[in-house]
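In: structure here, sequence nowhere to be found:
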């Protein structure tokens with residue numbers, strides 16, 4: 001009986017964890033959509049509700065890891081509240097070392113606050129991390145080829161890193177370019193699954209055309 005009780009307890013725990021993750025995702029996704037359409041205030045409301053449920057939450061609906069405090073920081077950044085953005089992004093940075101968007105946006109905040117040297121380093125770290133992550137999933141993950149398939153984002157990052165490494169840089173341009181990469185990689189979270197479904201549909205259509213049967 002002890003073994004059965006342990007299995008039942010594990011099932012209950014797994015179900016509860018799954019429900020919690022679903023509820024948090026139910027806040028993060030509308031927050032993302034609000035942020036992408038420029039409604040940072042509504043986005044912040046959803047992200048803060050998600051953080052109340054799980055302050056350590058990391059996205060589980062996409063390959064790209066991104067913590068809830070990164071999203072809160074991005075919302076504050078868009079609202080122009082750099083002090084709160086910095087607090088959130090520093091927290092994100094301390095919690096999840098592989099959250100490269102936290103690095104990028106923390107660098108943007110620092111640069112806008114006038115700390116260019118620290119900001120530049122974090123922007124470089126964020127851009128390099130995103131670039132290397134895209135390279136890794138492209139090479140080793142079966143769905144990686146649907147992320148940045150034309151290497152547009154990676155090519156842009158390579159150019160940006162060259163500019164940052166140069167002696168005489170236009171800081172406003174670097175900030176603008178960093179914001180653009182942040183926007184583009186966030187869009188990839190939605191675009192990559194669309195490309196995957198399109199490829200699956202096209203593959204199914206070709207199989208049917210050859211007389212095959214869809215599974």
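Out: Arrived safely. Only a predicted model underlies this, so the values are computations on that prediction, with no experimental measurement involved.
In: rest of the way, CA atoms for contacts and neighbours
Out: Will do.
In: tell me, how many residues neighbour residue 94?
Out: 10 (other C-alpha atoms under 10 Å).
In: quick one: the helices in this protein?
Out: Remark: helices assigned in the chain by DSSP state H are 2-36, 40-53, 68-79, 82-95, 100-112, 116-140, 152-165, 171-209.
In: so for this structure, the centremost residue is which one?
Out: The centroid of the chain falls nearest to residue 66 when counting by C-alpha atoms, centre = their mean (4.6 Å).
In: got a list of what that residue touches?
Out: By C-alpha atoms under 8 Å, 6 or more residues apart in numbering, residue 66 lies in contact with 58-59, 99-102.
In: go again with 7 Å.
Out: 58-59, 99 (C-alpha atoms under 7 Å, 6 or more residues apart in numbering).
In: which of these sits closest to residue 130?
Out: The nearest member of the contacts of residue 66 to residue 130, counting by C-alpha to C-alpha, is residue 99 at 8.9 Å.
In: from residue 87, how far off is that closest one?
Out: Using C-alpha to C-alpha, to the nearest Å, one gets 15 Å for the distance from residue 99 to residue 87.
In: those two: who's more crowded?
Out: More crowded of residue 99 and residue 87, by other C-alpha under 10 Å: residue 99, with 21 against 16.
In: let me know the pLDDT of residue 169.
Out: At residue 169, the predicted lDDT confidence score is 84.
In: how near is it to residue 60?
Out: Here the criterion is C-alpha to C-alpha. By it, residue 169 lies 37 Å from residue 60.
In: again, but for residue 190
Out: Distance from residue 190 to residue 60, by C-alpha to C-alpha: 13 Å.
In: please apply the same query to residue 37.
Out: 22 Å.
In: more crowded one of those two?
Out: Between residue 37 and residue 60, counting by other C-alpha under 10 Å, residue 60 is the more crowded of the two (13 against 9).
In: low-scoring stretches of this structure, by residue?
Out: Along the chain, segments meeting pLDDT under 70 span 1-22, 205, 207-215.
In: tell me, how many residues neighbour the closest residue in space to residue 185 that isn't next to it in sequence?
Out: Of all residues not flanking residue 185 in the chain, residue 153 sits nearest, at 7.6 Å (C-alpha to C-alpha, 6 or more residues apart in numbering). A count of nearby residues for residue 153, using other C-alpha under 10 Å, gives 21.
In: name all residues that make contact with residue 125.
Out: 103-104.
In: if we use 10 Å, what do you get?
Out: Counting by C-alpha atoms under 10 Å, 6 or more residues apart in numbering, residue 125 touches 100-104, 107, 119, 131, 161.
In: let's have these in a markdown table, adding distance to residue 51 and neighbour count.
Out: Converted to a markdown table, the contacts of residue 125 look like this (distance: C-alpha to C-alpha, whole Å; neighbours: other C-alpha atoms under 10 Å):
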| residue | distance to residue 51 | neighbour count |
| --- | --- | --- |
| 100 | 19 | 28 |
| 101 | 17 | 30 |
| 102 | 16 | 32 |
| 103 | 19 | 28 |
| 104 | 21 | 29 |
| 107 | 22 | 28 |
| 119 | 26 | 23 |
| 131 | 27 | 19 |
| 161 | 32 | 16 |
